[in-house]
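Visitor: Build me a model from this:
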Amino acid sequence: MSPFKGQTGLKRIFNAASYSLDGLRAAFTGEAAFRQLVLLNVVLIPVALLLDVSRGERALMIAACLLALIVELLNSAVEAAIDRISLDLHPLSKTAKDMGSAAQLVSLTLIASVWAIILLG
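Guide: Sure, this is the predicted structure:
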C-alpha cells in the first residue's frame, strides 16, 4: 500500500483538487500545445453555445473539444514520465511519445469531424 494513500474524506478531496490544479498550472505554464488547445477551446466552446444546433449536437461539439485537452494532459504526463526515467534516446521512449502524439492527432481529427458533420450535415 502506498504511503501517499492515507487521506480520507474531505481532506482527500481537497488534496486531490489541489493536485489537479497543480497539474493544470504545470500544463499551462510548461506546455505550448496545451495553451494552444486552451485557446482553441476558448474560441470553439462559445461558438458551440451560440450555434443553432440541438443540445445533443452542442454537447458533442463541446465534449470533442474538452477531450483534446484531456488527451494533451495525458500525452504531457507520458512525456514527463519518460523524460524522468531517462533523457537518453531509446526506441521504446520514442514509441511511447509518438503514440501520445498520435492520440492527440486523433482527438483533433475528432473535433474536425464532429464539427464538420454537425455544421455541414
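Visitor: so what's the closest residue to residue 119 other than its chain neighbours scoring on pLDDT?
Guide: Leaving aside its sequence neighbours, residue 119 sits nearest to residue 51 (Cβ to Cβ, 6 or more residues apart in numbering; 7.6 Å). Where C-beta positions appear, they are placed from N, C-alpha and C, glycine not excepted. pLDDT recorded at residue 51 is 98.
Visitor: So residue 51 sits against residue 45, correct?
Guide: No - the pair residue 51 / residue 45 is not scored as a contact, 10.9 Å apart, by Cβ atoms under 8 Å.
Visitor: Return the distance of stretch 110-121 from the chain's centre.
Guide: 20 Å (Cα atoms, centre = their mean, to the nearest Å).
Visitor: Now tell me what touches that stretch from outside.
Guide: Residues outside stretch 110-121 that contact it (Cβ atoms under 8 Å, 6 or more residues apart in numbering): 40, 44, 51, 53, 57, 60-61, 64-65, 67-68.
Visitor: try 10 Å this time
Guide: 37, 40-41, 44, 47-48, 51, 53-54, 56-58, 60-68, 71 (Cβ atoms under 10 Å, 6 or more residues apart in numbering).
Visitor: quick one, helices of this protein?
Guide: Taking DSSP state H as the test, the helices found in the chain are 9-30, 32-50, 55-85, 91-120.
Visitor: which residue is nearest the centroid of the protein?
Guide: Nearest residue to the geometric centre of the chain (Cα atoms, centre = their mean): residue 70, 2.1 Å.
Visitor: check contacts around that residue.
Guide: 37, 103, 107.
Visitor: In JSON lines: these, plus distance to residue 81 and neighbour count.
Guide: Conversion of those to JSON lines gives the following (distance: Cβ to Cβ, whole Å; neighbours: other Cβ atoms under 10 Å):
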{"residue": "37", "distance to residue 81": "20", "neighbour count": "24"}
{"residue": "103", "distance to residue 81": "15", "neighbour count": "17"}
{"residue": "107", "distance to residue 81": "20", "neighbour count": "21"}
